[in-house]
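*Asks:* coords below, sequence missing:
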Ligand SMILES: *[C@@H]1O[C@H](CO)[C@@H](O)[C@H](O)[C@H]1NC(C)=O
Ligand SMILES: *[C@@H]1O[C@H](CO)[C@@H](O)[C@H](O)[C@H]1NC(C)=O
Ligand SMILES: *[C@@H]1O[C@H](CO)[C@@H](O)[C@H](O)[C@H]1NC(C)=O
Ligand SMILES: *[C@@H]1O[C@H](CO)[C@@H](O)[C@H](O)[C@H]1NC(C)=O
Ligand SMILES: *[C@@H]1O[C@H](CO)[C@@H](O)[C@H](O)[C@H]1NC(C)=O
């Protein structure tokens, strides 16, 4: 495992120098996480596939063979440059939101554990089971398919609750009031639910969301957060409540030229926050340098980006993991309530405003 630790430390320190901006927590959590991460290699999947005979999907066998060949020859694995230089635009292939899962996800690294990435300071529990997350928000339409694969069986995981959340087209998260997120004086933002939702995987381990392309905010490249729920119970009001366990917490990314095109459109152009490119995003680099490409494959829905996009990504997760999650905010029938345990900042900092710094 090779990731630029001194760079992380330097970046975290630089960010910490601006106390009004709280993304340092994302960096710190991430550094701590990578200090402990155990990378599952393709090797265990190759064994599984062999044990189950010759009928397994060719794609996975080929991937295992490539991995073995690389190892034997000492060839370097995928790194950030490879990810940045890969074009994920599959428009020419003619895929649509109804393309079968085995075709759509065939080329993806799905039987490898996708590295976990910090949950960050914007996770809100208690969100709704729903496919469409747009509400009143404006932005480029984005239909997203995620497939979840169990890395110990290399099979899809059905009936799993997968949750996503992302910022809006001007780089603000709904549902969280903190000093790094939009207008801190707009307390009504804590009750916003757009760009957040949960779906349950089907028999192919796939969920589909209809949302809009996220904007960007200081210190981070454009991304979408994702959480695979563990031990979830579906409540009568179509939520999973506020006691949350996860099998996987991740983030997913987009091609830089696609982001550039989206950002040239309204209302993305109204975003005045500094812009971080993929090549500068520390979390993207950490995942890419572990031989994982965290960028979605995608296709135009029409002839231009403004007509909307369809994107897809397959995650490899370890379904036996059940990590307790500490949300920044709990969502109840009455609205959002900042989690007091999430705030450990200096006196006077707002609840939910400054996440604890884990050293
Ligand atoms: C994004 O969300 C913030 C907070 O609710 C809001 O002030 C802003 O207008 C939203 N952006 C757009 C383009 O609607
Ligand atoms: C998750 O569910 C399993 C099976 O019901 C149980 O054994 C385990 O204790 C639960 N874990 C947590 C953290 O609740
Ligand atoms: C994606 O590919 C399509 C078809 O080849 C092309 O028309 C379009 O310009 C590409 N878009 C981007 C952002 O690369
Ligand atoms: C999955 O997680 C369990 C702990 O819950 C661990 O013992 C096991 O080695 C992990 N499996 C893989 C393939 O990472
Ligand atoms: C959903 O139900 C739970 C359990 O009764 C409750 O605590 C929560 O406030 C409800 N959430 C919403 C959004 O109605």
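*Replies:* The structure has been received and is ready for your questions. Every value quoted in this text rests on a predicted model; they were computed, and no experiment measured them. Numbering: from 1, shown residues only. Ligands and ions are numbered 1, 2, ... in the order given.

*Asks:* In three-state terms, how would the residue sitting nearest the centre point of the chain be classified?
*Replies:* Closest to where the C-alpha atoms of the chain average out (C-alpha atoms, centre = their mean) is residue 251, at 2.0 Å. Using DSSP: H, G, I helix; E, B strand; the rest coil, the structure places residue 251 in strand.

*Asks:* tell me the contacts of it?
*Replies:* Counting by C-beta atoms under 8 Å, 6 or more residues apart in numbering, residue 251 touches 117, 118, 223, 224, 225, 226, 283, 287, 294. All C-beta spots, glycine's among them, are computed from the backbone N, C-alpha and C.

*Asks:* Could you work out the end-to-end span of stretch 322-330 for me?
*Replies:* Stretch 322-330 stretches 19 Å from its first residue to its last (C-alpha to C-alpha, to the nearest Å).

*Asks:* same deal with stretch 281-295?
*Replies:* Termini of stretch 281-295 sit 13 Å apart (C-alpha to C-alpha).

*Asks:* for the stretch 201-350 of the chain, what spans make up the strands?
*Replies:* 206-212, 223-230, 245-253, 297-300, 309-317, 323-324, 329-332, 335-338 (DSSP state E, counting those that start in this stretch).

*Asks:* strands paired with the fifth one, and their directions?
*Replies:* So the one you mean is strand 309-317. Partners of strand 309-317 in the sheet, by DSSP bridges, are strand 141-150 (parallel), strand 297-300 (antiparallel).

*Asks:* Average pLDDT for the helix or strand following the first one, rounded please.
*Replies:* It stands for strand 141-150. Following strand 141-150 in sequence order, the next helix or strand is strand 155-156 (DSSP states H and E). Strand 155-156 carries an average pLDDT of 93.

*Asks:* Report the distance from the next helix or strand after strand 155-156 to the chain centre.
*Replies:* Using DSSP H and E, the helix or strand that directly follows strand 155-156 along the chain is strand 161-165. Computed by C-alpha atoms, centre = their mean, to the nearest Å, the chain-centroid distance of strand 161-165 equals 9 Å.

*Asks:* Any buried residues in stretch 257-273, and which?
*Replies:* Residues 258, 259, 261, 262, 263, 268, 271, 273 are the ones in stretch 257-273 that count as buried (16 or more other C-beta atoms under 10 Å).

*Asks:* The first one and residue 140, how far apart?
*Replies:* Distance, residue 258 to residue 140, by C-beta to C-beta, to the nearest Å: 10 Å.

*Asks:* on that earlier part again, please identify which of the contacts of residue 251 is nearest to residue 319.
*Replies:* residue 226 (15.0 Å; C-beta to C-beta).

*Asks:* Contacts only, for the residue nearest to that closest one when sequence neighbours are not counted.
*Replies:* Excluding its sequence neighbours, the residue lying closest to residue 226 (C-beta to C-beta, 6 or more residues apart in numbering) is residue 250, at 4.6 Å. Applying C-beta under 8 Å, 6+ apart to residue 250 gives the contacts 114, 115, 116, 117, 225, 226, 227, 228, 294, 315.

*Asks:* Tell me if I'm right that the last one and residue 151 touch.
*Replies:* Spelled out, that is residue 315. No. Contact criterion C-beta atoms under 8 Å: residue 315 and residue 151 do not qualify, at 9.4 Å.

*Asks:* Now render the buried residues of stretch 257-273 as CSV, adding pLDDT and distance to ligand 1.
*Replies:* Below are those laid out as CSV (pLDDT from 0 to 100; distance: C-beta to the nearest ligand atom, whole Å):
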residue, pLDDT, distance to ligand 1
258, 98, 19
259, 98, 16
261, 98, 17
262, 98, 13
263, 97, 13
268, 98, 8
271, 96, 8
273, 93, 11
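
*Asks:* returning to that earlier point: right, and out of the contacts of residue 251, which lies closest to residue 169?
*Replies:* residue 224 (13.2 Å).

*Asks:* neighbours of the closest one, just the number please.
*Replies:* 24 (other C-beta atoms under 10 Å).

*Asks:* And the residue nearest to residue 293 when sequence neighbours are not counted, how close does it get to residue 279?
*Replies:* Counting by C-beta to C-beta, 6+ apart, the nearest residue to residue 293 once its immediate chain neighbours are dropped is residue 83, at 5.0 Å. Separation of residue 83 from residue 279 (C-beta to C-beta) stands at 10 Å.

*Asks:* More neighbours: which of these two?
*Replies:* Using other C-beta under 10 Å as the criterion, residue 83 and residue 279 rank with residue 83 on top: 23 against 13.

*Asks:* Show the contacting residues for the more buried one.
*Replies:* The neighbours of residue 83, taking C-beta under 8 Å, 6+ apart as the test, are 278, 284, 288, 293, 294, 295.

*Asks:* Throw those into JSON lines and include pLDDT, neighbour count and distance to residue 126, thanks.
*Replies:* JSON lines is the format used below for the contacts of residue 83 (pLDDT from 0 to 100; neighbours: other C-beta atoms under 10 Å; distance: C-beta to C-beta, whole Å):
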{"residue": "278", "pLDDT": "97", "neighbour count": "21", "distance to residue 126": "32"}
{"residue": "284", "pLDDT": "94", "neighbour count": "26", "distance to residue 126": "29"}
{"residue": "288", "pLDDT": "91", "neighbour count": "26", "distance to residue 126": "33"}
{"residue": "293", "pLDDT": "92", "neighbour count": "20", "distance to residue 126": "32"}
{"residue": "294", "pLDDT": "94", "neighbour count": "23", "distance to residue 126": "27"}
{"residue": "295", "pLDDT": "96", "neighbour count": "23", "distance to residue 126": "30"}
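
*Asks:* now for those, which pair is the farthest apart?
*Replies:* The widest separation within those (C-beta to C-beta) is 11.6 Å, between 278 and 293.
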